[in-house]
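Novice: Just the structure for this:
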Amino acid sequence: MAPATASATKRMRRQSSGLVFNPGPATVVECVRSPGKAERRFSVATGAGGKQTLMPAEVEAPEETQEIETVAGQPPTEAAPTEMVVEQTLESPLESPSEVFARFLSSDSIKQVYSSFGQLLRHCEEAEADGRTAASTTGQVAAEDTPVPPYCRFRQVLGGALPWRARSVWTLLDTRLHGPEYKEAPLKGKHAVICGAGPCGIRTALELVMLHADVTVLEKRAPVDACGRINRVHLWEWCKQDLLGWGAKIFDPPGGAFGGDNDFCHIGLGELQLLLLKNALLLGTRFLFRAEAVQVKDGELLLKDGQRLPCDMLVLASGANSQLSESVGLRSVALGLRGKGSAIGVVANFVHGRDARQMALRQFAWARQFNMPLFARLEKETAMDLENIVYYKGQSHHYMVMTPTKKSLLRNSVLREGRPAGQRLLHGSNVDVQRLGCMVQGIAAFFGLPTELCSTQGAMIFDFSGIRRLEAAATVADGGVLVCAVGDALLEPFWPEGLGIMRGFMSALDAAAAAVAAAKGSGPQAGIQLLATTYNVLKSVSAQTASQFLQKDPRRYRLQPKSRYVFSHG
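Specialist: Below is the predicted model of the structure:
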């Protein structure tokens, strides 16, 4: 492919620490096919309360929509998991339950997930109305006053009409829910709200809903934007095992190839979110998109659109620099790892043609100190001086991430100035996005990789010379609400070590353990005390110190912090 030219379409997303170059137009809406019907195009619209509607692109709004809801006699929370309005037309008949569930498992977009989930609920309604249910069920049986998770309803009502993979999913969820931490339903009657539908936010939701809390996840972005990231993240062994327990080989993505390479275990961020989202829906989690929290008052969470949500526990999972975090008194501090602008990362995503040559490409991770001749040759041929480079191969794209020196970026005119007056180093005005695209294409060609940049999220540059973290992990807000943070909202990772998902998932379990401590102990202060202890250890965990601060066998990690952390240090 020829290098990006000045006429190429540019799409830039400016954030606090980086800039994105997308060399081609973005896909605005996806194609949705009805059985036996011509392809139609839909977009997503959101009404009051965050309810999502699939609308044909050729009309402004549907005259009538059918909301996913439960039938009489079922717990009201069964309607809540979707908060999505799914269009059903008379000329679009429902698929069989087996076909719908197979589509649910393989859905690779959030619209497809909600569409198939809604059809499963509708099949349940029709079967219940006709008196058709499975002859017998096994697994978890909820108490009379405990809401039945949607997956239990699917199993009981649809039974043998579902494919064999459904039974595999039921077994995994039963195994989780039968754990000693969850069987007693310690958070029954409690309302938990999570701000942020990223991987760490949804992972926290899974823990809390298994503990029988009423869980709502708020996401201020639209659904497509919330689950649209294609960058890939490194997974530590415990994270890999945890995702296998959530059906990573059953749901596709990530699919049966997940974890097959013991040397390079990784997953796309969007793939990870969809995997966790599907499990969360099956367990009864409620999601509200384009919904933003602004204040905690009298035990309720106030949203920007005026809604009020009951809230016993608030979990912040919306990344660093959260305004809500500051409003409840959780202050962050900045830690400079090196001089400002001295640690720069570049990410590139290339189209995967899936031909024999590309399928045979081998993944790699190199650091300059371990292969100086390779990096010297790279610099000679491309004029780029790198400290390290990683290449991961995904199902739909090739992912490359590297750390170039600031000097070489200036030498290749990717950066216009080394010290721009009054601007950040990576401000849009100081980055030549065309040269950034050419730079990553040249490096990809050196390593024999494809060079066609993805139409969105093609090349990104960011500064990781500093990180932010909270001074304290938790606090109490107005009305006795326990407030804590997880993931990057709690502690930004040192990016090259792949700490983000590992520490993020650990903080998710810590938050759930704190909720249990608060419910069983002396209120929010019990949870705050627990999180102060776990946070002190979590801050110390790195690739070099993991053996000192984490228990040796990740297969034994559970909700209780003592099963995961070594508390004799620090």
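Novice: Beta-bridge partners for R468, please?
Specialist: A334 (DSSP bridges).
Novice: So L316 versus G523, what's the distance?
Specialist: In this view, L316 and G523 are 20 Å apart by CB to CB, to the nearest Å. No exception for glycine: its C-beta is placed from N, CA and C like everyone else's.
Novice: Next: R555.
Specialist: Distance, R555 to G523, using CB to CB: 34 Å.
Novice: Which of the two has more residues huddled nearby?
Specialist: With neighbours defined as other CB atoms under 10 Å, R555 and G523 compare such that G523 has more, 13 against 8.
Novice: Any idea which residue is closest to the centre of the protein?
Specialist: The geometric centre of the chain, computed from its C-alpha atoms, lies nearest to P199 (CA atoms, centre = their mean), at 2.7 Å.
Novice: just checking, that one touches Q273?
Specialist: Yes: here P199 reaches Q273: they are 5.7 Å apart, a contact under CB atoms under 8 Å.
Novice: for the stretch 151-300 of the chain, what spans make up the strands?
Specialist: Per DSSP state E, counting those that start in this stretch, the stretch 151-300 of the chain carries strands over the ranges 191-195, 214-219, 232-234, 266-268, 286-289, 293-297, 300-303.
Novice: what element comes up after the last one heading to the C-terminus?
Specialist: When you say that, I think you mean strand 300-303. As assigned by DSSP states H and E, the chain's next helix or strand after strand 300-303 is strand 308-310.
Novice: Okay, buried residues for that following strand please.
Specialist: By neighbour count with 16 or more other CB atoms under 10 Å, strand 308-310 contains the buried residues L309.
Novice: same question, stretch 480-491
Specialist: 481-491.
Novice: got it, and stretch 438-455?
Specialist: By neighbour count on 16+ other CB under 10 Å, the buried set for stretch 438-455 is 438-444, 449-455.
Novice: Just the closest of those to W236, please.
Specialist: L449 (25.5 Å; CB to CB).
Novice: Count the residues that sit near the residue nearest to the closest one when sequence neighbours are not counted.
Specialist: Distances taken as CB to CB, 6 or more residues apart in numbering put H398 closest to L449, at 5.8 Å, once the chain neighbours are dropped. When neighbours are counted by other CB under 10 Å, H398 registers 24.
Novice: and the longest helix along the chain, what does it pack onto?
Specialist: Longest helix in the chain by number of residues (criterion: DSSP state H): helix 499-520. Applying 3 or more CB pairs under 8 Å, 6 or more residues apart in numbering; DSSP states H and E, one finds that helix 499-520 contacts helix 199-210, strand 232-234, helix 237-245, strand 313-316, strand 481-485, helix 524-538.
Novice: Now do the first one: which elements does it pack against?
Specialist: Going back to what we said before, that points to helix 199-210. strand 191-195, strand 214-219, helix 269-283, strand 313-316, helix 499-520.
Novice: Which one of those lies nearest to A257?
Specialist: Closest approach to A257 among the helices and strands packed on helix 199-210 (CB to CB): helix 269-283, 11.6 Å.
Novice: so how far is L436 from W170?
Specialist: Distance, W170 to L436, using CB to CB: 47 Å.
Novice: And those two? Which one has more around it.
Specialist: Neighbours were counted for W170 and for L436 using other CB under 10 Å; L436 has more, 25 against 20.
Novice: what residues are up against that one?
Specialist: Residues near L436 by CB atoms under 8 Å, 6 or more residues apart in numbering: 21, 346, 414, 459, 461.
Novice: tell me the SS of it?
Specialist: L436 falls in the helix class when you classify it by DSSP: H, G, I helix; E, B strand; the rest coil.
Novice: residue contacts, the closest residue in space to A477 that isn't next to it in sequence?
Specialist: Distances taken as CB to CB, 6+ apart put V296 closest to A477, at 3.9 Å, once the chain neighbours are dropped. Residues in contact with V296 (CB under 8 Å, 6+ apart) are 302, 311, 314, 327-328, 477-479, 481, 483.
Novice: so how many other residues sit close to I389?
Specialist: Applying other CB under 10 Å, we find 23 residues neighbouring I389.
Novice: excluding its backbone neighbours, what's nearest it?
Specialist: Once flanking residues are discounted, I389 sits nearest to M402: 4.1 Å by CB to CB, 6+ apart.
Novice: swap in P420?
Specialist: Residue nearest to P420 in three dimensions, not counting chain neighbours: N430, with 4.6 Å by CB to CB, 6+ apart.
Novice: residue boundaries of the helices in the stretch 351-500 of the chain?
Specialist: Here the stretch 351-500 of the chain has its helices, by DSSP state H, counting those that start in this stretch, at 356-359, 372-382, 406-411, 433-446, 499-520.
Novice: Which parts of the third one count as buried, going by neighbours?
Specialist: Neighbour-count burial for helix 406-411, counted by 16+ other CB under 10 Å, picks out 406, 408-409.
Novice: Also the shortest one?
Specialist: Using 16+ other CB under 10 Å as the burial criterion, none of the residues of helix 356-359 qualify.
Novice: Now do the domain split for the protein, please.
Specialist: Following automatic domain parsing, one gets these domains for the chain: 18-24+338-463, 183-336+468-543.
Novice: what's the least confident stretch among those domains?
Specialist: The stretch with the lowest mean pLDDT among the domains of the chain is domain 18-24+338-463, at a mean of 92.
Novice: Please tell me how far it is from the chain's geometric centre.
Specialist: 24 Å (CA atoms, centre = their mean, to the nearest Å).
Novice: now swap in stretch 228-236 and tell me
Specialist: Counting by CA atoms, centre = their mean, stretch 228-236 is centred 9 Å from the centre of its parent chain.
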